[in-house]
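Q: no sequence for this one, just the structure:
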């Protein structure tokens, strides 16, 4: 995984609560057996009309927000299904950081596994960011993961919490499995002490 | 001797599975049972291969084809018209064969929805840690196991190490006092709980369901409750094991046999939360006040009672919730104040890991017996497993349901998420016993209302929602 220390750039505002992973990547696109190729289907049912034409009313289709590396959204973003296809799709679409007042637990974990930063700010902080990005397309933010701080050039600044081990894995781009495999003797001892019943 | 600190069931199971933990870091947690299906596993197996890694404990994995499988008859070869679904099912077969993992494929008598067959096999047992790349893994918590959904990267981690790096979640007790009234089911209970705590109310927590109404539930009912924990934001839900749990497991293929079973019960009896143990949060709910429930919106917290009306956005306090409700009403093509019983339906789906077990099919059949599905309504019954289907057929439930005009299909996830050919068309309105009424979940533009199997069957017959408490059985 590539290390992720800081994300700076345009903010795409998705001012909706409870955006579930079925919306992020609808089920008909979950049948691929690769980790790639999902970006084109991100938010598919919102992004495209039934005849396949881009929906002009969907905010992320507006030219000013294209290529934005930061997504700001309402509370409980990524709730529902455990599909890791959701962060795969968002990352391939271009997002490296997602800012929301809260996240679904499994989605949040899946983001870290893919070197993306799910950043929890206060509702007021997210509301400010959404308002600025809606009023002023092209509005830019910096998410500094090392400093655990989100700020813009107009004086907005808010700190966020992130568990040290999550932060470390993002900043260092760590491979969890490689790390755990270093404890293989401890795992073997545990298995000997706790034989499975079946 | 000092008394030991009282512990919750979650704490006991967690502590028994910590392989190692450094100060200030998450635990390395041992996983007793890893359930695998075709949709979330291919990339994990691919990752293993690319890194030249092996599966550590293939003997602790059960794999099954459930999400993509058509529910048409399987006595001859099933034609899968979707080439990508076909490829995904083939990948599961290849990966499990390559790494020596037991697979229940579409034609196996043990096939079914992963969360239905785990308990059926007796693979799901109290005190275990159980994971699966599926958010409804909490179902298995009904047996007093710590069971939760994981992503594909975590699947790969468990395949390689049989462990998972996990930060310890918080605990929440949901205490359900009183008794459920006749005609009110486990589904109505969990929908009420979600309505009360909200779809993010359990985020960061493991829920333990306690209280008389929970003890009174059958194992099937307990699975329905735990299954939908994720719909309240909680990654896991659990219920202390008791005699019902043990009777359910006794004699099942993977359950301990003979003396080993009695020994296991002694261990399992130690799991229950100690008197005086503290949870981080407590929610109380009175079961006797619960009515049959119908969701009106686009998340499982958007829930009304059968005697109630579709709410108005103004009924909600925060501007965010108001906006959310307005959006949901627009998507669902409903008007504020509309009576729930006036909502007409086009489709009915009875099945899923929430309500696709034998008890659910019996409940639907009891409602349908001697009646007919309303003209213009298409009603499907999809047993949760091939074994459930067989047992239901031995009881004649298939006959009752098909005589009433229901379709009787082969086992799988089916129209709960429509990854197979079973989907809603745009604008079709469905009474569904599944777990999610998200936009487009059952098919793009499909309108889903979540209900119990009884309520779904009754809606099929009347063509609109009705109160099953008013329902009189037809004399045979």
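A: It's in. All of these numbers come straight from a predicted model, not from anything done at the bench.
Q: tell me which stretches of chain A form helices.
A: Assigned helices in chain A, in chain order: A:21-24, A:44-47, A:85-93, A:105-113, A:123-135, A:164-172, A:176-181, A:184-193 (criterion: DSSP state H).
Q: the ones you listed: which one's closest to chain B?
A: helix A:105-113 (3.6 Å; CB to the nearest CB). Just so you know, the C-beta spots here come from the backbone N, C-alpha and C atoms, and that holds for glycine as well.
Q: now do the buried residues in stretch A:78-91.
A: Within stretch A:78-91, the residues scored as buried using 16 or more other CB atoms under 10 Å in any protein chain shown are A:78-91.
Q: average pLDDT for it?
A: The pLDDT scores in stretch A:78-91 average 98.
Q: pLDDT score assigned to residue B:474?
A: Predicted confidence (pLDDT) for residue B:474: 74.
Q: distance of residue A:175 from chain B?
A: 8 Å (CB to the nearest CB, to the nearest Å).
Q: tell me, how many neighbours does that residue end up with?
A: Residues near residue A:175, counting by other CB atoms under 10 Å in any protein chain shown, number 13.
Q: list the contacts for it?
A: Contact analysis of residue A:175 by CB atoms under 8 Å, 6 or more residues apart in numbering or on different chains lists residue A:1.
Q: could you measure it against residue B:351, distance?
A: Separation of residue A:175 from residue B:351 (CB to CB, to the nearest Å) stands at 40 Å.
Q: residue contacts, the closest residue to residue A:111 other than its chain neighbours?
A: Nearest residue to residue A:111, sequence neighbours excluded (CB to CB, 6 or more residues apart in numbering or on different chains): residue A:118, at 4.4 Å. Residue A:118 sits next to A:77, A:78, A:97, A:98, A:100, A:103, A:107, A:108, A:111, A:112 when contact means CB under 8 Å, 6+ apart.
Q: distance to residue B:437 added to these, as JSON lines?
A: As requested, the contacts of residue A:118 are exported to JSON lines (distance: CB to CB, whole Å):
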{"residue": "A:77", "distance to residue B:437": "18"}
{"residue": "A:78", "distance to residue B:437": "18"}
{"residue": "A:97", "distance to residue B:437": "30"}
{"residue": "A:98", "distance to residue B:437": "24"}
{"residue": "A:100", "distance to residue B:437": "22"}
{"residue": "A:103", "distance to residue B:437": "21"}
{"residue": "A:107", "distance to residue B:437": "19"}
{"residue": "A:108", "distance to residue B:437": "23"}
{"residue": "A:111", "distance to residue B:437": "25"}
{"residue": "A:112", "distance to residue B:437": "29"}
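Q: these two touch, right, residue B:454 and residue B:466?
A: No - Residue B:454 lies out of contact with residue B:466 (CB atoms under 8 Å); the separation is 10.2 Å.
Q: neighbour count for the two, which is higher?
A: residue B:454 (26 against 18).
Q: that one: which element?
A: Using DSSP states H and E, residue B:454 maps to helix B:453-462.
Q: which other helices and strands contact that helix?
A: In this structure, helix B:453-462 packs against strand B:347-351, helix B:358-368, strand B:429-432, with contacts taken as 3 or more CB pairs under 8 Å, 6 or more residues apart in numbering or on different chains; DSSP states H and E.
Q: which residues touch that helix?
A: Applying CB under 8 Å, 6+ apart, the contact partners of helix B:453-462 are B:183, B:185, B:187, B:292-294, B:306, B:345, B:348-350, B:355, B:360-361, B:363-368, B:371-374, B:377, B:379, B:404-406, B:431-433, B:451, B:465-466, B:468, B:471.
Q: near residue A:29, how many residues? Count them for me, please.
A: Using other CB under 10 Å: residue A:29 sits among 18 other residues.
Q: distance of the nearest residue to it once chain neighbours are set aside relative to residue A:72?
A: Nearest residue to residue A:29, sequence neighbours excluded (CB to CB, 6+ apart): residue A:41, at 4.1 Å. For residue A:41, the distance to residue A:72 equals 21 Å [CB to CB].
Q: what do you get for residue B:218?
A: Residue B:218 sits 45 Å away from residue A:72, taking CB to CB as the criterion.
Q: many thanks, we can stop here.
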